[in-house]
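J.: Need coordinates for the below:
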Amino acid sequence: TTTTTTTTAGTASSLAEQLKLLARQFYRLLKQKGLKQVLQQGGLTIFVPRQSFSKYFKKQLKKNPLLDYDDLVLRTLLRHIVFGVRSAAQLGAIVPQQLRTLGGEEVTIDRDDKGRLFLNYPESRIIEADIAANDGVLHRIKKVISPRGPLFTPTTTTSTRPAHPTATTTRDTTRHTTRRH
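T.: A predicted model of the protein is given here:
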């Protein structure tokens with residue numbers, strides 16, 4: 001069952017304040033990666049995983065030791081933020097639907113047979129919806145959202161990977177790498 005929460009402590013506060021209260025690790029990582037100012041833009045929907053980012057990163061790096069940790073953290077954070085304030089009702093009104101994340105990737109919102117909302121079904125279920133902020137909304141999800149494709153082409157070196165992860169620059173980098181072979 002999805003829980004709907006309208007506010008924390010009776011009054012809506014900023015996304016940054018909500019993240020400090022509900023998802024300290026997510027907020028700390030945003031600050032470390034210089035993304036705190038993204039929150040100040042407002043008008044965002046943030047999907048906050050209950051799963052530990054540390055465990056997720058460790059698992060990803062074990063699977064592929066060539067991954068750059070800083071790039072992995074940045075791309076993962078951006079995969080959980082979308083422009084536009086979207087309530088659970090709006091997310092579930094048209095399913096499946098695609099949302100473009102700040103990292104340029106798409107996540108799919110869909111429902112299971114029981115009517116529960118998922119991101120990239122069956123990967124991560126929304127477990128607490130509509131945590132209001134005066135500049136956006138948070139939704140708690142069960143797991144960190146994984147990328148749909150590879151995080152980067154293994155033959156690409158750290159110095160040639162794009163500074164800002166977007167679908168376009170990732171494709172361009174892959175083409176460039178392919179031409180070199």
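
J.: CA only for contacts and neighbour counts going forward, please
T.: Noted.

J.: Could you identify the helix or strand that succeeds the longest strand along the chain?
T.: Taking DSSP state E as the criterion, the chain has its longest strand at strand 124-133. Where DSSP states H and E defines the elements, the next helix or strand beyond strand 124-133 is strand 136-141.

J.: Run a quick neighbour tally on Ile131.
T.: As a burial measure, Ile131 scores 24 neighbours (other Cα atoms under 10 Å).

J.: thought Glu128 was touching Arg140?
T.: Yes. If you go by Cα atoms under 8 Å, Glu128 and Arg140 touch, sitting 4.9 Å apart.

J.: More neighbours: which of these two?
T.: Set side by side, Glu128 and Arg140 show more neighbours around Arg140, with 23 against 19, by other Cα under 10 Å.

J.: now the more buried one: how far from Ala132?
T.: Using Cα to Cα, to the nearest Å, Arg140 is found at 12 Å from Ala132.

J.: Where do the helices of the protein begin and end?
T.: Applying DSSP state H to the chain gives helices spanning 15-22, 24-32, 36-41, 53-63, 69-78, 88-93, 167-180.

J.: May I see the buried residues of the third one?
T.: Of the residues in helix 36-41, those scored as buried under the neighbour-count criterion (16 or more other Cα atoms under 10 Å) are Leu39.

J.: Could you check how far that helix is from the centre of its chain?
T.: 15 Å (Cα atoms, centre = their mean, to the nearest Å).

J.: Tell me the helices and strands packed up against it.
T.: On a contact count with 3 or more Cα pairs under 8 Å, 6 or more residues apart in numbering; DSSP states H and E, helix 36-41 meets helix 15-22.

J.: angle of the helix it packs on against strand 136-141?
T.: 30 degrees (axes from the mean of the first three to the mean of the last three Cα atoms, to 10 degrees).

J.: contacting residues around helix 15-22?
T.: Helix 15-22 has contacts (Cα atoms under 8 Å, 6 or more residues apart in numbering) with 8, 26-27, 36, 39-40, 42, 133-138.

J.: and Arg100, what are its bridge partners?
T.: Assessed by DSSP bridges, Arg100 has beta-bridge partners Glu106.

J.: so what's Ile126 closest to, chain neighbours aside?
T.: Ile141 (4.3 Å; Cα to Cα, 6 or more residues apart in numbering).

J.: Not counting its neighbours along the chain, what's nearest the spatially most central residue of the chain?
T.: Nearest to the mean C-alpha position of the chain, by Cα atoms, centre = their mean, lies His80 at 1.3 Å. Distances taken as Cα to Cα, 6+ apart put Phe47 closest to His80, at 5.1 Å, once the chain neighbours are dropped.

J.: beta partners for the one you found?
T.: Under the criterion used (DSSP bridges), Phe47 bridges to His139.
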